[in-house]
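Novice: what follows is a predicted protein model with its sequence.
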Amino acid sequence: MEKRYILDFIFPRYCCICGEFLVTHDFKYLCATCSQKVVLTGAHICEKCGHDFGEISEIAPPCCPRCLRSEFQFISLRSAVRLNRITRYLIHQLKYRNGEYLAEDFAKIMQKNIPFMALLKDGILVPVPLHWKRIFKREYNQSEIIAKSLQKLSVNMKVLPLLKRTRHTPPQVGLRTQERHENVKDAFNINLKIKIDRDCKLIVFDDVFTTGSTINACCKELRKHGFHNIYAATFTQTSRN
Ligand SMILES: [Zn+2]
Ligand SMILES: [Zn+2]
């Protein structure tokens, strides 16, 4: 009997959403029914930030309102899945319910989005760092553990903790765009001990893209130190514009 089936017998697995007992191995903690409710981002997206215009738009406009208002410092950003009830729940489990065990399933979901994975190809994923106080509380950085799971599944990318958070900032949730911007301004520092080529492709990596303040602050710090080939990627993004 295969090892994984023996493990299933000793440590039964259940879907983290509906609680169904799992016998398949597509995902570790997601049943077939729930995983089908995870919707990958579509073809009609904003060229710059990856905002999903949905199915109705036959010809996608080149730019979304969020990008018209903001000066994003990345070349382009892509998100793997749409934000819906299921993906919102997964993010919540990952961040606030000791959801470290879900990292591999996050990576497997993202891997299904081929254009998304194309953006990551040959890149260096730079997880948005957390301050040590928050890591102390949560015990892990959710962006970093998903990035590392992606790295395990794909040979053509690596993860490098190139940024550090210099100060503890309150959570961005509930803040307005301008407040979010002020909250994370100068909150990141590059780790100068890591020596890499300034021309290499960097991908600032986070779980959710909202107004872009956090990712932008990361990109600014990287640009300040001579990097210019900077992209961004997230698991999902809000439709807030
Ligand atoms: Zn389920
Ligand atoms: Zn956009």
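Specialist: Everything's here; your move. Ligands and ions are numbered 1, 2, ... in the order given.

Novice: could you list the domains of this protein?
Specialist: With domains defined by automatic domain parsing, the chain comprises 1-36, 41-237.

Novice: flag every buried residue along the shortest one.
Specialist: In other words, domain 1-36. Asp8, Arg13, Cys15, Cys16, Ile17, Leu22, Phe27, Tyr29, Leu30, Cys31, Cys34, Ser35 (16 or more other Cβ atoms under 10 Å). Yep, even glycine has a C-beta here, placed from its N, CA and C like the rest.

Novice: is any residue of stretch 39-59 near ligand 2?
Specialist: Yes. Stretch 39-59 is in contact with ligand 2 by Cβ under 5 Å from the ion, via Cys46, Lys48, Cys49, His51.

Novice: so which of the buried residues of domain 1-36 belong to strands?
Specialist: Judged by DSSP state E, the subset of the buried residues of domain 1-36 located in strands is Arg13, Leu22.

Novice: quick check: what element follows the helix or strand hosting Ile146 along the chain?
Specialist: Using DSSP states H and E, Ile146 maps to helix 142-153. The helix or strand immediately downstream of helix 142-153 is strand 158-159, counting by DSSP H and E.

Novice: that following strand packs against which elements?
Specialist: Helices and strands touching strand 158-159, by 3 or more Cβ pairs under 8 Å, 6 or more residues apart in numbering; DSSP states H and E, are strand 124-127, helix 142-153.

Novice: re the thing from before, and the helix holding Ile146, what does it pack onto?
Specialist: So helix 142-153, by 3+ Cβ pairs under 8 Å, 6+ apart, packs with helix 85-96, helix 103-111, strand 124-127, strand 158-159, strand 202-209.

Novice: 7 Å instead?
Specialist: When contacts are defined as 3 or more Cβ pairs under 7 Å, 6 or more residues apart in numbering; DSSP states H and E, helix 142-153 packs onto helix 103-111, strand 124-127, strand 158-159, strand 202-209.

Novice: what's the closest of the ones you listed to Ser143?
Specialist: The closest of these to Ser143 is strand 124-127. By Cβ to Cβ, the value is 4.1 Å.

Novice: pull up the pairing partners for the closest one, direction included.
Specialist: Using DSSP bridges, strand 124-127 pairs in its sheet with strand 158-159 (parallel), strand 202-209 (parallel).

Novice: centre of the chain versus it, how much separation?
Specialist: Here strand 124-127 is found 10 Å from its chain centre; the criterion is Cα atoms, centre = their mean, to the nearest Å.

Novice: what about it, average pLDDT?
Specialist: Strand 124-127 shows a mean pLDDT of 97.

Novice: measure Ser143 to ligand 1 for me?
Specialist: Per Cβ to the ion, to the nearest Å, Ser143 is found 25 Å from ligand 1.
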